[in-house]
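K.L.:
structure for the following, please:
(chains A and B)
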Amino acid sequence: KQEVTQIPAALSVPEGENLVLNCSFTDSAIYNLQWFRQDPGKGLTSLLLIQSSQREQTSGRLNASLDKSSGRSTLYIAASQPGDSATYLCAPWGNRDDKIIFGKGTRLHILP
Amino acid sequence: DAGVIQSPRHEVTEMGQEVTLRCKPISGHDYLFWYRQTMMRGLELLIYFNNNVPIDDSGMPEDRFSAKMPNASFSTLKIQPSEPRDSAVYFCASSLGTTIQETQYFGPGTRLLVL
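P.N.:
Numbering: from 1, shown residues only, chains lettered A, B, ... in the order given. A predicted model of the protein is given here:
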């Protein structure tokens, strides 16, 4: 059964810093992996989707990488801003059981 | 487009009562998903539909839970009878595409509290 771990669980950094959020998963048989953002009391917003054949995806200040063989993905946020404060979740979609499994998320706080 | 619409946004009910959660997906999306989010278990997929047909309901926790999608623009998740451990935020999401592994768009969620 796929297990998804996100480290750290919480992170506080000063505005302007570059930062990396980590996601690891136990089963490398995946179709893709998505990174989502969740603001308090709100639903999830998809940030990036990386197909299993891709190594990375970029959107603005966000860059997500995928190393499927080692079961790892990272989300890189450049020049962090207070508006980036949210919980970030990763979710690989497995092709053995055709299910999407979410990590518990990293709660990010950007200090002004 | 207004995005995925869920109602009600908050629901407080007593144990044993029936609860019905509603979802309107984004127009034209072929897939609809129901999720449950709790502090302990995180976000879990309960069931998903493709073209109004339930495809995988293995995530539905018990027979007390049921979901329907009578047409392309409406789905319900029903809990009968409800129990305190059902308290959670329930999300509906939809996606467009010929395969299931497309970007999902989430609704704002329904926060359910069962007393």
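K.L.:
rest of the way, CA atoms for contacts and neighbours
P.N.:
OK.
K.L.:
quick one: the residue of chain A found nearest chain B and A:Thr5, what's the gap?
P.N.:
Using Cα to the nearest Cα, A:Gly43 is the residue of chain A that sits closest to chain B, at 4.4 Å. A:Gly43 sits 20 Å away from A:Thr5, going by Cα to Cα, to the nearest Å.
K.L.:
now swap in A:Leu33 and tell me
P.N.:
Distance, A:Leu33 to A:Thr5, using Cα to Cα: 13 Å.
K.L.:
more neighbours: which of those two?
P.N.:
The neighbour comparison of A:Leu33 against A:Thr5 (other Cα atoms under 10 Å in any protein chain shown) goes to A:Leu33, with 27 against 20.
K.L.:
residues contacting the one helix or strand that one maps to, please?
P.N.:
With elements taken from DSSP states H and E, the one containing A:Leu33 is strand A:30-38. With contact meaning Cα atoms under 8 Å, 6 or more residues apart in numbering or on different chains, strand A:30-38 is reached by A:44-52, A:64, A:66, A:68, A:75, A:86-96, B:101, B:103.
K.L.:
and those residues, which are buried?
P.N.:
Among these, those buried by neighbour count (16 or more other Cα atoms under 10 Å in any protein chain shown) are A:44-52, A:64, A:66, A:68, A:75, A:86-94, B:101, B:103.
K.L.:
which residue, other than its chain neighbours, is closest to the residue nearest the centre of chain B?
P.N.:
With distances taken as Cα atoms, centre = their mean, the residue of chain B nearest its centroid is B:Trp34 (3.0 Å). Nearest residue to B:Trp34, sequence neighbours excluded (Cα to Cα, 6 or more residues apart in numbering or on different chains): B:Cys92, at 4.6 Å.
K.L.:
element containing that neighbour, please.
P.N.:
Per DSSP H and E: B:Cys92 is located in strand B:88-95.
K.L.:
over to A:Leu89?
P.N.:
strand A:86-94.
K.L.:
please apply the same query to B:Gln37.
P.N.:
Using DSSP H and E, B:Gln37 falls within strand B:31-38.
K.L.:
quick one: A:Ser69 and A:Phe25 touch, right?
P.N.:
No - under the criterion of Cα atoms under 8 Å, A:Ser69 makes no contact with A:Phe25, lying 10.1 Å away.
K.L.:
compare the two (neighbour count), which wins?
P.N.:
The neighbour count for A:Ser69 versus A:Phe25, taken as other Cα under 10 Å, is higher for A:Phe25 (23 against 10).
K.L.:
thought that one was touching A:Leu66?
P.N.:
No - the criterion here is Cα under 8 Å, and A:Phe25 misses it with A:Leu66 at 10.9 Å.
K.L.:
let me know how buried the residue of chain B found nearest chain A is, in neighbour terms.
P.N.:
The nearest approach of chain B to chain A comes at B:Pro108, 4.4 Å away (Cα to the nearest Cα). Number of residues near B:Pro108 (other Cα under 10 Å) recorded here: 22.
K.L.:
ramachandran angles for B:Thr13?
P.N.:
Dihedral pair for B:Thr13: phi -140, psi 170, per degrees, to the nearest 10.
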